[in-house]
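Trainee: here's my sequence, what's the structure:
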Amino acid sequence: MSTATHTLLLASASPGRRRVLTDAGLRFDTKVSTVDEQAVTAAAEAAHGPLDAKDMALLLARAKAENVAGQASAGTLVLGCDSVFEFDGIAYGKPHTAQVATERWQQMRGRYGVLHSGHWLIDANSGAGHGQVSSTIVRFAPVSDAEIAAYVASGEPLPCAGGFTVDGLGAAFIESIDGNYQNVIGLNVSMLRDLLTQHRVAITDLWV
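Mentor: Numbering: from 1, shown residues only. I've put the predicted structure just below:
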C-alpha cells in the first residue's frame, strides 16, 4: 500500500453519504459536481442504446467524479456516487415532485425493487479511475394511501433515488433489505475500501 498522504474528496451534496463516511471514521472533504445527469444519460444512450439501472448508476458516478477531479489538487482521490432504483425492470431516479412520488409509492407498496449505487474513485493526479456497483433488494410494507400522503407531504422522498430513505421517516415503510444497508443510503464503505485498494491506498490511512 502507498505511504503517501491522500485526501478523499466526496463529489456529492448528499447528507446521507457524508454521514456514512463520518460514521466510518474517515477524513474527507466535499465538493459538489456540476454534472447535468439528464444530459450525460441522454448522450450515453444516443451512443450506445438504452442503459440498464446498474450501468446508469455507474455512468453517473463516474461523470461526477471526473467533473470534480478536474478541479482537485494532486494527491486527491475523488469519490463519485449515484443511486438508481430499479422497479419492474425500469430505472428510476429522484421523483422531484409530490405527484410522481405518490404514484411510485402506490406502485411499490407491498412489493420490492433493487437500489443500485454506483461508486467511482479517481486519482486527480493521474486520472486513473476504478468503479463498482453495489445492489440491495428493498422490500416495502403494504402502506395505506394515508401513510403515503403523509410521507410525501413531509418532503423527504422527493430528492431521493426511488423516492424513499432507509435512515429517515421512510424506514417505517421498509420491511426488509437484502444486501448492504449503507448502500441504500448511497455509499457502501466496504466497496470504497475495495476501490481504495485498487489505488494502493489503505482505508485505515484515512481514519480520523
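Trainee: what are the contacting residues of the longest helix seen in the chain?
Mentor: The longest helix of the chain (DSSP state H) is helix 53-69. With C-beta atoms under 8 Å, 6 or more residues apart in numbering as the contact definition, helix 53-69 has outside contacts at 9, 11-12, 31-35, 37, 40-41, 44, 51, 76, 78-86, 91, 114, 116-124, 127, 129, 131-133, 135. Any C-beta I mention is one placed from the backbone N, CA and C, and that applies to glycine too.
Trainee: same question for stretch 199-208.
Mentor: Stretch 199-208 is contacted from outside by 1-2, 5-6, 8, 25-28, 77, 121, 123, 128, 130, 189, 192-193, 196-197, using C-beta under 8 Å, 6+ apart.
Trainee: again with stretch 84-96
Mentor: With C-beta under 8 Å, 6+ apart as the criterion, stretch 84-96 contacts 37, 51-54, 56-57, 60, 101, 104, 107-108, 111, 113-116, 118, 138, 157-163.
Trainee: contacts for the helix or strand Glu175 falls within?
Mentor: Using DSSP states H and E, Glu175 sits within strand 174-178. Applying C-beta under 8 Å, 6+ apart, the external contacts of strand 174-178 come out as 136-141, 164, 166, 184.
Trainee: let's see which of the residues you listed end up in helices.
Mentor: Val184.
Trainee: re the thing from before, run the chain-centre distance for the longest helix of the chain.
Mentor: From the chain centre to the centre of helix 53-69 is a distance of 10 Å (C-alpha atoms, centre = their mean, to the nearest Å).
Trainee: thinking again about what came up before, now the contacts of helix 53-69: which count as buried?
Mentor: Applying 16 or more other C-beta atoms under 10 Å to those, the neighbour count classes 9, 11-12, 31, 33, 35, 37, 40-41, 44, 51, 76, 78-86, 91, 114, 116-124, 129, 131-133, 135 as buried.
Trainee: now, those residues that are in helices?
Mentor: 37, 40-41, 44.
Trainee: closest to Ala149 among the residues you listed?
Mentor: Nearest to Ala149 among those is Glu37, at 28.1 Å by C-beta to C-beta.
Trainee: roughly how far apart are the nearest residue to that closest one once chain neighbours are set aside and Thr204?
Mentor: Distances taken as C-beta to C-beta, 6 or more residues apart in numbering place Leu60 nearest to Glu37, at 5.6 Å, with adjacent residues excluded. Remark: distance between Leu60 and Thr204 (C-beta to C-beta, to the nearest Å) = 29 Å.
Trainee: run a quick neighbour tally on Ala13.
Mentor: By other C-beta atoms under 10 Å, the residues close to Ala13 number 12.
Trainee: give the contact list for it.
Mentor: Neighbours of Ala13 in contact, by C-beta under 8 Å, 6+ apart: 30, 32.
Trainee: try the one 3 residues further on
Mentor: The neighbourhood of Gly16, defined by C-beta under 8 Å, 6+ apart, consists of 165, 167, 185-187.
Trainee: filter those down to the buried ones, ChimeraX style.
Mentor: Typed into ChimeraX, the line below selects the buried ones among those, using 16+ other C-beta under 10 Å:
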select :165,185,186,187
